[in-house]
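>>> when you get a sec, could you give me coordinates for this:
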Amino acid sequence: MSIDESRCIGCGRCVSVCPSDTLVMEAGKAKVAGPYSLGCGHCVAVCPEDAIEVNYVDHDALAFESFQCEDRYVKPGEYDVAGLVALMKSRRSSRDFGPEEVPLAVLNDLVRIGTTAPSGTNSQLWTFTVIPDRESVRAFGGRVGRFFEGLNRMAENPVARGWSKVFMKDMLGQYYREYYESVKEGIRQFREEGRDRLFFNAPAVILVGSEKGASCPAEDALLATQNILLAAHAMGLGTCLIGFAVEAMKNDKGIKEFVGIPRKEPVYSVIAIGHAREKYLKPGGRRKLTPRYFTAK
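All right, here's what the predicted structure looks like:
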């Protein structure tokens, strides 16, 4: 980062918000003294004179293509919380997508919106892989289906299930009891009828992963994912998280290579995106929740 001394008025606000003690006050001016910066931009956001520049930031990273966005800070308490909660309550998982494609500009904007999420130590090491058309989604789904065909063949073998019970905490047996039949039927429908029980005919998919080095990569990716889900709903699109695809890529690195993802790069969410055919009339409910409290008195 750099500080323009001619603009700095010595208010000290940047020093007080710096989480890594990178800035200090010297002779009435803010100075860069520490060897390390999170690149969070708190100092830029709090400076009243625009005296600070953080070179880590790409000023075009949040330049959206499909809509206009005000470049302003929404202060705490300034936004309509009731409207925000209504959006959250109204988002639902869609499992019936129409054939209309999602423009690439919209998919790119959803990725950019994902990056507005927080990340551990501001690493921002999430990755986004966009599958932008139905043909490519079907090819991806075919590779995922091949993995589960192999898994089903293994689960059919009682000897393999026995070994799993002894050495793998019965993981294969649990899969056989809970998912084998439904997966078998889904594969049959895909092969014989062309019915897509995996992506529900979604015309696009976004995969969210993380590069090596993030302090909490799974959390970072899932926070970005939630941003994408809510933004897609606000744009008039439906979404659905496809956990089967995540599990397949976790166990078959060749699927990741097939879509251009390095073998060692983990994928934490797979989002099917498209124009939902469902027409819901009211938000969904939730199970009763009893929070746990701790007080040190």
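>>> give me the below-cutoff pLDDT ranges for the chain.
Counting by pLDDT under 70, the chain shows no low-confidence range.
>>> quick one, domains of it?
Domains of the chain are assigned by automatic domain parsing as 2-53, 81-135+198-274, 137-193.
>>> now those in a markdown table, with distance to Tyr73?
In this view, the C-beta of every residue, glycine as well, is placed from N, C-alpha and C. Below are these laid out as a markdown table (distance: least, CB to CB, whole Å):
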| stretch | distance to Tyr73 |
| --- | --- |
| domain 2-53 | 7 |
| domain 81-135+198-274 | 13 |
| domain 137-193 | 38 |
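>>> contacting residues around the residue most central in space within the chain?
When CA atoms, centre = their mean is applied to the chain, the residue found nearest the centroid is Thr225 (2.3 Å). Residues in contact with Thr225 (CB atoms under 8 Å, 6 or more residues apart in numbering) are 114, 208, 241, 268-269, 271.
>>> what do you get if the cut-off is 7 Å, keeping everything else the same?
Listed by CB atoms under 7 Å, 6 or more residues apart in numbering, the contact partners of Thr225 are 114, 208, 269, 271.
>>> now Gly141
196, 198-199.
>>> where along the chain do the strands fall?
Under the criterion DSSP state E, the chain contains strands at 2-3, 23-26, 29-32, 52-53, 126-131, 204-210, 238-241, 267-274.
>>> quickly note the distance from the residue nearest to the centre of the chain to Thr239.
9 Å (CB to CB, to the nearest Å).
>>> do Glu278 as well
From Glu278 to Thr239 the distance is 12 Å (CB to CB).
>>> these two: which is more packed in?
Neighbour count, other CB atoms under 10 Å: between Glu278 and Thr239, Thr239 has more, with 26 against 11.
>>> what's the closest of the strands of the chain to Arg95?
Relative to Arg95, the nearest member of the strands of the chain by CB to CB is strand 238-241, separated by 5.9 Å.
>>> if we can go back for a sec, of the contacts of Gly141, keep whichever come out buried.
Among the contacts of Gly141, the ones that count as buried by 16 or more other CB atoms under 10 Å are 196, 198-199.
>>> circling back to that earlier point, anything in contact with each of Thr225 and Thr239?
Ile271.
>>> contacting residues for the nearest residue to Lys184 once chain neighbours are set aside?
Take Lys184 and drop its neighbours on the chain: the residue closest to it by CB to CB, 6 or more residues apart in numbering is Asn152, 5.7 Å away. For Asn152, the contacting residues are 180, 183-184, by CB under 7 Å, 6+ apart.
>>> most surrounded residue in those?
Neighbour-wise, the contacts of Asn152 (other CB under 10 Å) top out at Val183, 20 neighbours.
>>> give me the distance between that residue and Arg191.
Taking CB to CB, one finds Val183 at 12 Å from Arg191.
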